[in-house]
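**Student:** here's a sequence, model it:
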Amino acid sequence: MANSNYFDHQNKGQFHRSFSEDFKKNKIKELEKNITSIPDICTTYSVSRTTVYRWIYKYSNMAKKQVKQVVEAKSDTVKIKALEERIKELERIIGQKQLLLEFKEKMIEIAESTYGVDIKKKFSSKPSSGTTSTGKNTNKN
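**Tutor:** A predicted model of the protein is given here:
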């Protein structure tokens, strides 16, 4: 004889429900107005994402007008806005650093012309004759 617990364990989490068309339409309207999100509907009513997307394709005003609606999670939107703010902040910092760099360059030019001294290092100049390019003594005895 089969144990009833065996069948309950196998079918756990799998059940079939049906929702009225009015319910589905209301949920899609909430999605379109950004009152709720797809993950919220999925967890609250225990439906799959696929089911919610079917409702969107069937009941959405955008789908009827053949306009694609991009539905993204609110967390993604928040992340994107935070990243955009971070980019603005970094651009502001770069601008300040650029102004500081230009100021210092101008100060060096003024000091060079005033005192007649070459302050900037010349990168094209050759190293002094006392060392090699590695800085080690190459004399072997």
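
**Student:** run a quick neighbour tally on residue 41.
**Tutor:** 19 (other Cβ atoms under 10 Å). (C-beta placed from N, C-alpha, C; glycine too.)

**Student:** what about it, which SS state?
**Tutor:** Classification of residue 41 using DSSP: H, G, I helix; E, B strand; the rest coil returns helix.

**Student:** look up how far residue 94 lies from residue 87.
**Tutor:** Distance, residue 87 to residue 94, using Cβ to Cβ, to the nearest Å: 10 Å.

**Student:** got the CA coordinates for stretch 50-63 in CSV?
**Tutor:** C-alpha atoms of stretch 50-63 as CSV (Å, rounded to 0.1, in the frame of the first residue of the first chain):
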residue,chain,number,x,y,z
THR,A,50,6.8,33.5,-17.3
THR,A,51,3.2,33.7,-16.2
VAL,A,52,3.4,37.4,-15.4
TYR,A,53,5.0,38.1,-18.8
ARG,A,54,2.2,36.2,-20.5
TRP,A,55,-0.2,38.5,-18.6
ILE,A,56,1.8,41.5,-19.8
TYR,A,57,1.7,40.4,-23.5
LYS,A,58,-2.0,39.6,-23.2
TYR,A,59,-3.4,42.6,-21.2
SER,A,60,-0.9,45.4,-21.5
ASN,A,61,-2.0,48.5,-23.3
MET,A,62,1.6,48.8,-24.7
ALA,A,63,1.4,45.3,-26.2
